[in-house]
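> got a structure for you, letters missing:
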């Protein structure tokens, strides 16, 4: 093993007189370790352009000193807008937001196609733009409703355990099966010679970059996505969101006050309320009899309106638990 100070020693033995005096090298003080704590709830973050979803989560989690956190679906670094972040008990229901419909404000640059379908890629082709509003309305209508969409090569979808974008960077094209998605509505917000802004409401799994390219081809001039902002995820909207700068400017109680309750992701589901004794049995995972018809998704509460217990479904008069909170998590939500 080489001593840590070997570089400051003389090259030849016995040459101590010419050796430099040992330097007092001090390490910079370490940053104070963040003491994590249980935090439960949903933060609606307005993610900025240039930051990954993972990094945005890390920053918010650190500011809250939260023990556990996760985001509800990746928003590309080049995109901004609504990114629901779940902490503590709320992470158990993040899949609900992942599966929810989304809404985007998409800006298309007409007349230019790029590698990957967005601003990061090199220009592939430029074509003149000779379209009118009727052509735009026809193209938009063509991609509204239930459609098949081929995922882009520059995506995180896996092929043989490796993300497609890794193959794309290596110049390898992988055949991708089309996926069935639903575009609920596309409204034209703005339009000029080369810029087209669309309000898109769609199902999960929709690639807006691919939609932009497909609309560009339908118009005959090509297009790429030059800007993207998510404005809604299920019932959650950008109007309720906070930026990282606004969040950082608050003290810890102020930050915690911005958290929505853990059941915010389930707010459109029917409610089932149980008396105290039945609530305890339900939390233990036991099926309970209810006088309700079959329902695929319900949110369950105890006698207190704030006592959220978890999610369930109802089949043949039985309330069957899907995702349950722990008794400690229920107590924490009641104390908030």
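The structure has been received and is ready for your questions. All values derive from a computational prediction rather than experimental measurement.

> only C-alpha atoms for contact and neighbour calcs from this point on.
Noted.

> hey, which strand is longest across this structure?
strand 179-191 (DSSP state E).

> Show me what secondary structure element comes after it.
Going down the chain from strand 179-191, the next helix or strand is strand 195-202, by DSSP states H and E.

> Strand 179-191 and the next helix or strand after that next one, what's the angle between them?
Sequence-wise, the next helix or strand downstream of strand 195-202 (DSSP H and E) is helix 208-219. Orientation check (axes from the mean of the first three to the mean of the last three CA atoms, to 10 degrees): helix 208-219 against strand 179-191 gives 70 degrees.

> Strand partners (parallel or antiparallel) of the host helix or strand of residue 108?
Following DSSP H and E, one finds residue 108 within strand 102-110. Sheet partners assigned to strand 102-110 using DSSP bridges are listed as strand 195-202 (antiparallel), strand 223-233 (antiparallel).

> right, and those strands - which one's nearest residue 320?
strand 223-233 (26.6 Å; CA to CA).

> Please enumerate residues in contact with that closest one?
Contact with strand 223-233 is made by 78-82, 97, 100-114, 117-119, 208-209, 212-213, 215-217, 237-238, as judged by CA atoms under 8 Å, 6 or more residues apart in numbering.

> Got a quick PyMOL command for the buried subset of these?
Selecting only the buried entries of these in PyMOL, with 16 or more other CA atoms under 10 Å as the criterion:
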select buried, resi 78+79+80+81+82+97+100+101+102+103+104+105+106+107+108+109+110+111+112+113+114+117+118+119+208+209+212+213+215+216+217+237+238
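
> picking up where we left off before, name the helices or strands packed onto the longest strand of the chain?
On a contact count with 3 or more CA pairs under 8 Å, 6 or more residues apart in numbering; DSSP states H and E, strand 179-191 meets strand 145-149, strand 195-202.

> Please identify the most buried of the ones you listed.
Burial of the helices and strands packed on strand 179-191 is given as mean neighbour count (mean count of other CA atoms under 10 Å); strand 195-202 ranks first at a mean of 20.

> Give me the contact list for it.
Here strand 195-202 has contacts from 101-110, 181-191, using CA under 8 Å, 6+ apart.

> 7 Å instead?
101-110, 182-191 (CA atoms under 7 Å, 6 or more residues apart in numbering).

> repeat for stretch 281-300
266, 269-273, 308-321, 324.

> Just the buried residues out of those, in PyMOL syntax.
A single PyMOL command selects the buried members of the contacts of stretch 281-300 (16+ other CA under 10 Å):
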select buried, resi 266+273+308+309+310+311+312+313+314+317+318+319+320+321+324
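
> which helices and strands does the one helix or strand residue 330 maps to pack with?
Residue 330 is part of helix 327-335, with elements assigned from DSSP H and E. With contacts taken as 3 or more CA pairs under 7 Å, 6 or more residues apart in numbering; DSSP states H and E, helix 327-335 sits against no other helix or strand.

> Can you give me the buried ones in it?
Those would be 329-330, 333, for helix 327-335 by 16+ other CA under 10 Å.

> how about those in CSV, adding distance to residue 257?
Below are the buried residues of helix 327-335 laid out as CSV (distance: CA to CA, whole Å):
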residue, distance to residue 257
329, 17
330, 18
333, 13
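
> and which of those is nearest residue 249?
Closest to residue 249, out of all of the buried residues of helix 327-335 and judged by CA to CA, is residue 333, at 25.1 Å.

> Compute the distance between the closest one and residue 236, please.
Distance check for residue 333 against residue 236: by CA to CA, to the nearest Å, it reads 20 Å.

> I'd guess residue 93 is in a helix, am I close?
Yes: membership of residue 93 in a helix is supported by DSSP: H, G, I helix; E, B strand; the rest coil.

> Tell me the predicted confidence for it.
Looking at residue 93, its pLDDT stands at 95.

> Repeat that for residue 249.
Residue 249 is given a pLDDT of 97.

> Residue 205 too?
88.

> cool, the one 4 residues further on as well?
At residue 209, the predicted lDDT confidence score is 92.

> thinking again about what came up before, switch the strands paired with strand 102-110 over to TSV; also include mean pLDDT.
Conversion of these to TSV gives the following (pLDDT from 0 to 100):
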stretch	mean pLDDT
strand 195-202	98
strand 223-233	96
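
> Next, the distance between the ends of stretch 131-148.
25 Å.

> average model confidence for that stretch?
The model assigns stretch 131-148 a mean pLDDT of 96.

> any residues touching that stretch, and which ones?
Contacts of stretch 131-148 (CA under 7 Å, 6+ apart): 178-186, 215, 218-219.

> Buried subset of those, written for ChimeraX?
Buried residues among the contacts of stretch 131-148 (16+ other CA under 10 Å), as a ChimeraX selection:
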select :181,182,183,184,185,186,215,218,219
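
> Please report the distance of residue 72 from residue 42.
10 Å.

> what do those two both touch?
84-85.

> who's more crowded, these two?
The residue with more neighbours, out of residue 72 and residue 42, is residue 42; 27 against 20, by other CA atoms under 10 Å.

> list the buried ones in the helix or strand containing residue 278?
Applying DSSP H and E as the criterion places residue 278 in helix 276-283. If you call a residue buried by 16+ other CA under 10 Å, then helix 276-283 has these buried ones: 278-279, 282-283.

> next one: it to chain centre, how far?
In terms of CA atoms, centre = their mean, to the nearest Å, the centre of helix 276-283 is found 33 Å from the chain centre.
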